[in-house]
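# need a structure here:
(2 chains)
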Amino acid sequence: MKNIIFVEHDGTEHRVEARVGTSLMLAAVTNGVPGIDADCGGSCSCATCHVYVKEDWLEKISDKSEMEEAMLSLSPDRKLNSRLACQIPITEELDGLEVSMPEFQF
Amino acid sequence: MADLKVQEDKKGKWSMIGKDPYAMPIEEIDLSHPGIWQANEFLPFLKRLRDEDPVHYCARSAVGPYWSIMKYKDILAVDTSPDIYSSEPTISIVDSFDEFTLPSFIAMDRPKHDEQRQTAQSVVAPGNLKRLEVIIRQRVCRILNNLPLGKEFDWVQNVSVELTTQMLATLFDFPFEDRHKLTYWSDMATAIPGRGVAESQEERWAAIQECLAYFTQLWNERVGNEPGFDLVSMLAHGEKTKDMPPMEYLGNIILLIVGGNDTTRNSISGGIVALNENPREYVKLRNNVALIPNMVSEIIRWQTPLAYMRRTAKQDTTLRGKEIKAGDKVIMWYASGNRDDEVIERPNDFWIDRPQARQHLSFGFGIHRCMGNRLAEMQLRILWEEIMQRFKFIEVIGNPERVYSSFIKGYTKLPVVLHANS
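Alright, predicted model coming up:
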């Protein structure tokens, strides 16, 4: 199990354990972390699992697909460290990963 | 192409009303005709196709040949493949009339789609919605407080239409006393001529021209002012949108009026119908109003205010073993995907605390996903919060009348009586 930290917009931290192979989105949703809606259930189709990845972790995550980029580009709060949580598989290297959520999912 | 005239209606050769989908050759099933939709007879047709021919070719119809995509997963695949399945030239099953076509980004591909959507969507992004919540609640309260108790009235006109019209006026900062023009223009923009709304394409077009003239004046007034939070101002000041041609501006205005009009209206009405048809769910709601947000998603799934969205194949492609040719018309039947038991548990149940209630197809998915979705949900949530503080039972006391359309799934009349909380 790997340790993941989710930080809400208001600063509230949630520390969860996630299995290698699951997605960051599922790690949030199954642990009741608020602020990730995941309307499409994880198929890179809605952009409501939008997270900001703490900079040092970005390069440890696999590159985004064209589809993920297309969905992110439409997000009004998109930043350089934006990713969709459903497209981030939990790997050994991500133990201790920290992400924060935007104020809104849209 | 021929207008669908009143005379062709129920006796017309294209109507499926009264037919048994299981007693006819499957290739003759045609979902495009509005008959079975208005008659509320469409579910068995969707089910047979979903089970037996989920990527179904209809060779002959009043709107020409088309493919019907029936399963949730296939609809999702089509919706998220905009490079294969284009939204141009139109997202309607009816092919465009050249001279009456209004360009808007719902019917555009990338990159133009992205440029226009990125500007327009700020007006309905959650940050702006926070600002609107107070005024929405005020308007909901004023409407609800003025409804008659214990006496029959039409929920559609007095609540569903009135509330959504006021909401649109707010989004555009449209002169409040003229707000009924928004409903009128929206109804004209989507009307099938000859069915009681617009008698002809010419009448329809005259209304749309009037809309352009009015909004052009609003643009001219606001382009010189400081940028505001209403949609007109945002488009007039947006870097990528301030030079847009008048017909494109009109198309996008109509898109937002239509997008925010019938859909929300019919979800408001649909929730009343759903609760009346499922009284145990109504009891559950009365006992726990914290279920309202989840119920809102379930209402939108159950009603599916837009039955389909159309795409056009840009290249030869294969789906579930069927060969779709470049240029073929492809219809994603959201109304079917939302009842697909492969993905949705007990899909025909109206279940207000259903898990994963947000995973429905009613807003679509992918780059064209409804950008007003949070606004719609907010309106419905606020409405139900205020309803539950006032009325223990909104009782439907007659048969609902439905819209004559295979696209817009909704209600033209809903007779109700209100019973106040004691």
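
# for the residue of the stretch 301-422 of chain B found nearest chain A, helix, strand, or coil?
Per CB to the nearest CB, B:Phe365 is where the stretch 301-422 of chain B lies closest to chain A, at 3.6 Å. C-beta coordinates here come from the backbone N, C-alpha and C atoms, glycine included. Using DSSP: H, G, I helix; E, B strand; the rest coil, the structure places B:Phe365 in coil.

# give me the distance between B:Arg320 and B:Tyr85.
Noted for B:Arg320: a distance of 14 Å to B:Tyr85, by CB to CB, to the nearest Å.

# so which of these two has more stuff around it?
Higher neighbour count among B:Arg320 and B:Tyr85: B:Tyr85, with 26 against 13, using other CB atoms under 10 Å in any protein chain shown.

# isn't the residue of the stretch 301-422 of chain B closest to chain A right up against A:Cys46?
Yes - the criterion here is CB atoms under 8 Å, and B:Phe365 meets it with A:Cys46 at 5.9 Å.

# what is in contact with these two at once?
A:Cys40 (CB atoms under 8 Å, 6 or more residues apart in numbering or on different chains).

# what mean pLDDT does the strand or helix carrying B:Phe45 get?
B:Phe45 belongs to helix B:43-52 when assigned by DSSP states H and E. On average, the pLDDT along helix B:43-52 is 98.

# and it, what does it pack against?
Applying 3 or more CB pairs under 8 Å, 6 or more residues apart in numbering or on different chains; DSSP states H and E, one finds that helix B:43-52 contacts helix B:334-337.

# and for the helix or strand following the helix it packs on, what's in contact with it?
Remark: after helix B:334-337, the chain's next helix or strand is helix B:373-390, criterion DSSP H and E. Outside helix B:373-390, the residues that touch it by CB under 8 Å, 6+ apart are A:104, A:106, B:124-126, B:129, B:132-133, B:136-137, B:140-141, B:144-145, B:163-164, B:167, B:171, B:260, B:263-264, B:267-268, B:271, B:285-286, B:289, B:292-293, B:295-297, B:299-300, B:363, B:370, B:394, B:420-421.

# output helix B:373-390 as PDB, restricted to C-alpha atoms.
Provided in PDB are the C-alpha atoms of helix B:373-390 (Å, rounded to 0.1, in the frame of the first residue of the first chain):
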ATOM      1  CA  ASN B 373     -24.200  21.100 -16.100                       C
ATOM      2  CA  ARG B 374     -23.200  22.600 -12.800                       C
ATOM      3  CA  LEU B 375     -25.700  25.500 -13.300                       C
ATOM      4  CA  ALA B 376     -28.500  23.000 -14.100                       C
ATOM      5  CA  GLU B 377     -27.700  21.000 -11.000                       C
ATOM      6  CA  MET B 378     -27.600  24.100  -8.900                       C
ATOM      7  CA  GLN B 379     -31.000  25.300 -10.100                       C
ATOM      8  CA  LEU B 380     -32.600  22.000  -9.400                       C
ATOM      9  CA  ARG B 381     -30.900  21.700  -6.000                       C
ATOM     10  CA  ILE B 382     -32.100  25.100  -4.800                       C
ATOM     11  CA  LEU B 383     -35.500  24.500  -6.200                       C
ATOM     12  CA  TRP B 384     -35.900  21.200  -4.300                       C
ATOM     13  CA  GLU B 385     -34.500  22.700  -1.100                       C
ATOM     14  CA  GLU B 386     -37.100  25.400  -1.200                       C
ATOM     15  CA  ILE B 387     -39.900  23.100  -2.300                       C
ATOM     16  CA  MET B 388     -39.400  20.800   0.700                       C
ATOM     17  CA  GLN B 389     -39.600  23.700   3.000                       C
ATOM     18  CA  ARG B 390     -43.000  24.600   1.700                       C
END
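
# what pairs with the helix or strand following it, parallel or antiparallel?
Sequence-wise, the next helix or strand downstream of helix B:373-390 (DSSP H and E) is strand B:391-396. Sheet pairing for strand B:391-396, assigned by DSSP bridges, gives strand B:415-420 (antiparallel).

# which parts of the partner strand are buried?
Of the residues in strand B:415-420, those with enough neighbours to count as buried (16 or more other CB atoms under 10 Å in any protein chain shown) are B:Pro415, B:Val416, B:Val417, B:Leu418.

# so what sits opposite the last one in the bridge?
In this structure, B:Leu418 has the following beta-bridge partners (DSSP bridges): B:Ile394.

# for it, give me its contacts.
By CB under 8 Å, 6+ apart, the contact list for B:Leu418 reads B:Leu147, B:Pro148, B:Leu149, B:Gly150, B:Phe391, B:Phe393, B:Ile394, B:Glu395.

# next one: it, what pLDDT does it get?
At B:Leu418, pLDDT is 98.

# B:Val159 versus that one, what's the distance?
10 Å.

# what is in contact with these two at once?
Residues touching both B:Leu418 and B:Val159 by CB under 8 Å, 6+ apart: B:Leu147.

# wait, is B:Pro293 part of a strand?
No - B:Pro293: not assigned to a strand; according to three-state DSSP it is helix.

# which among the contacts of B:Leu418 end up buried?
Judged by 16+ other CB under 10 Å, buried ones among these: B:Leu147, B:Phe391, B:Phe393, B:Ile394, B:Glu395.

# correct me, but the second one touches B:Val416?
No - assessed by CB under 8 Å, B:Phe391 is found out of contact with B:Val416, at 9.8 Å.

# for the least confident helix or strand in chain A by mean pLDDT, buried residues please.
Ranking every helix and strand in chain A by mean pLDDT, DSSP states H and E puts helix A:55-58 at the bottom, with a mean of 91. Residues A:Trp57 are the ones in helix A:55-58 that count as buried (16+ other CB under 10 Å).

# cool, stretch B:151-163 as well?
Buried, per 16+ other CB under 10 Å, within stretch B:151-163: B:Asp154, B:Trp155, B:Val156, B:Asn158, B:Val159, B:Ser160, B:Val161, B:Glu162, B:Leu163.

# then stretch B:87-107?
Buried, per 16+ other CB under 10 Å, within stretch B:87-107: B:87, B:90-95, B:102-107.

# would you mind writing the CA trace of it as CSV?
Extracted in CSV, the C-alpha atoms of stretch B:87-107 (Å, rounded to 0.1, in the frame of the first residue of the first chain):
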residue,chain,number,x,y,z
SER,B,87,-19.9,17.4,-34.6
GLU,B,88,-20.0,19.2,-37.9
PRO,B,89,-22.2,20.3,-39.7
THR,B,90,-24.9,19.7,-37.1
ILE,B,91,-25.7,17.7,-33.9
SER,B,92,-29.3,17.3,-34.9
ILE,B,93,-30.6,14.2,-36.7
VAL,B,94,-32.2,16.5,-39.2
ASP,B,95,-29.5,17.6,-41.8
SER,B,96,-29.0,21.3,-41.9
PHE,B,97,-31.0,23.6,-44.1
ASP,B,98,-28.3,25.6,-45.6
GLU,B,99,-29.9,29.0,-45.4
PHE,B,100,-31.3,28.4,-41.9
THR,B,101,-28.2,27.0,-40.2
LEU,B,102,-26.8,28.8,-37.2
PRO,B,103,-23.1,28.0,-36.4
SER,B,104,-22.3,27.4,-32.8
PHE,B,105,-19.5,25.6,-31.0
ILE,B,106,-21.7,22.6,-30.1
ALA,B,107,-21.5,21.8,-33.8
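
# that stretch and chain A, any residue contact?
No - applying CB under 8 Å from any CB of the partner chain, one finds stretch B:87-107 out of contact with chain A, separated by at least 11.1 Å.
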